[in-house]
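>>> sharing a model that was predicted from the sequence below.
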Amino acid sequence: MTPRVGVVVPAAGRGERLGGGVPKALRQLAGRPMLVHTVAALTAAELVSQIVVAAPPTLVEVVGRLLGPDVKVLPGGAERVDSVRGALRVLDDDIRVVLVHDAARPLTPPSLVDAVASAVLAGAPAVIPVLPLADTVKEIDADGMVVRTPPRDGLRAVQTPQGFRREVIEAAYARHEDDGVPVTDDAGLAERLGVPVTTVPGADEAFKVTRPADLVFAEAMLARRLAESSRGPAS
Ligand code: CTP
Ligand code: MG
């Protein structure tokens with residue numbers, strides 16, 4: 001039997017860079033809260049069997065009603081790592097593969113979710129979707145002076161979902177609980193254990209809604225999707 005795949009969705013952030021006065025996961029996008037789009041994409045993936053959402057603590061009931069009985073909702077924590085850690089604890093016992101996916105990536109294609117899950121099911125302990133960088137990246141010092149320019153060919157931008165064997169993500173979070181060394185993504189915690197991390201091609205649509213302009217871009221992409229689906233397949 002295929003091992004079961006669970007997805008942990010950190011959705012408890014305040015969305016300070018986006019602004020707007022409501023938590024980012026509940027910002028409207030084409031008439032529905034962002035989180036509803038994100039969960040719909042996860043539900044549409046073939047390999048996903050459980051979804052757990054870490055919601056803003058005061059909105060757990062609201063989010064629960066929004067997502068329906070098939071999605072487990074619990075209060076998130078102060079930092080993203082706290083939200084993920086809490087959600088990992090309530091996954092069903094028989095979940096063997098865990099994906100961690102930002103609520104703030106509402107347009108992620110279900111095919112990318114399945115690609116990450118199947119790479120883990122095929123044996124990789126940790127898998128991340130990556131894209132080449134459009135911009136050159138500079139390392140700068142505290143005064144804003146350029147220190148060096150790393151060659152762009154060897155750099156990638158990292159998206160979610162990131163996928164792990166369950167024992168790998170649990171060990172990574174246990175280690176983080178002990179030493180608290182900061183990292184900016186889940187795979188970073190696994191790297192610290194010496195676990196090899198595999199990459200798969202990311203998707204432009206899996207971008208993270210971070211600033212106001214991203215919301216405009218997301219609305220435009222959704223409008224295009226809608227137009228394409230109402231036109232139907234080309235004959
Ligand atoms: N997140 C979370 N719990 C937190 C902080 C963040 O679950 N305490 C989630 C966010 O809801 C988001 C994902 O982690 O889906 C990625 O974080 P980010 O894009 O930084 O979202 P916010 O923290 O909400 O935004 P900002 O940093 O601008 O406040
Ligand atoms: Mg944040």
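Received the coordinates, thanks. Ligands and ions are numbered 1, 2, ... in the order given.
>>> drop to CA atoms for contacts and neighbour counts, all remaining ones
Will do.
>>> does Ala142 sit in a helix, a strand or a coil?
Applying DSSP: H, G, I helix; E, B strand; the rest coil to Ala142 yields a three-state assignment of coil.
>>> show me what Ile95 bridges to in the sheet.
In this entry, Ile95 is beta-bridged to Arg4, by DSSP bridges.
>>> gap between it and Ala220?
36 Å (Cα to Cα, to the nearest Å).
>>> neighbour-wise, which of the two wins?
Of the pair Ile95 and Ala220, Ile95 is the one with more neighbours under other Cα atoms under 10 Å, namely 16 against 13.
>>> so where's the protein shaky on pLDDT?
Applying pLDDT under 70 to the chain picks out residues 234-235.
>>> pretty sure Arg85 is touching Ala172, no?
No: the criterion here is Cα atoms under 8 Å, and Arg85 misses it with Ala172 at 10.1 Å.
>>> which residues in the chain form helices?
Using DSSP state H, the helices found in the chain span residues 34-44, 60-67, 80-89, 110-121, 166-179, 186-191, 212-231.
>>> between those helices, which one is nearest to Val147?
Taking Cα to Cα as the criterion, Val147 comes closest to helix 186-191 out of the helices of the chain, the separation being 23.7 Å.
>>> for ligand 1, see how far away the residue lying closest to Leu18 once chain neighbours are set aside is.
For Leu18, ignoring the flanking residues on the chain, the nearest one in space by Cα to Cα, 6 or more residues apart in numbering is Arg211 at 4.4 Å. Arg211 sits 7 Å away from ligand 1, going by Cα to the nearest ligand atom, to the nearest Å.
>>> OK, contacts around Arg211?
With contacts taken as Cα atoms under 8 Å, 6 or more residues apart in numbering, Arg211 has the following neighbours: Arg17, Leu18, Gly19.
>>> looking at strand pairing, list the partners for the closest residue to Pro10 other than its chain neighbours.
Beyond its immediate neighbours in the sequence, the residue positioned closest to Pro10 (Cα to Cα, 6+ apart) is Ala54, lying 5.0 Å away. With DSSP bridges as the criterion, Ala54 is bridged to Pro10, Leu74.
>>> tell me how far Ala54 lies from Arg85.
10 Å.
>>> same question, Gly144
Gly144 sits 35 Å away from Arg85, taking Cα to Cα as the criterion.
>>> now do Val62
In this structure, Val62 lies at 22 Å from Arg85, with Cα to Cα as the measure.
>>> spatially central residue for this structure, please.
For the chain, the residue nearest the mean C-alpha position is His101 (2.3 Å; Cα atoms, centre = their mean).
>>> which residues are in contact with the residue lying closest to that one once chain neighbours are set aside?
Once flanking residues are discounted, His101 sits nearest to Pro161: 4.3 Å by Cα to Cα, 6+ apart. For Pro161, the residues meeting the contact criterion (Cα under 8 Å, 6+ apart) are Leu99, Val100, His101, Asp102, Leu112, Val113, Val116, Ile128, Pro129.
>>> would you mind giving these as a markdown table with distance to Asp204 added?
As requested, the contacts of Pro161 are exported to a markdown table (distance: Cα to Cα, whole Å):
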| residue | distance to Asp204 |
| --- | --- |
| Leu99 | 19 |
| Val100 | 18 |
| His101 | 15 |
| Asp102 | 15 |
| Leu112 | 11 |
| Val113 | 13 |
| Val116 | 15 |
| Ile128 | 14 |
| Pro129 | 11 |
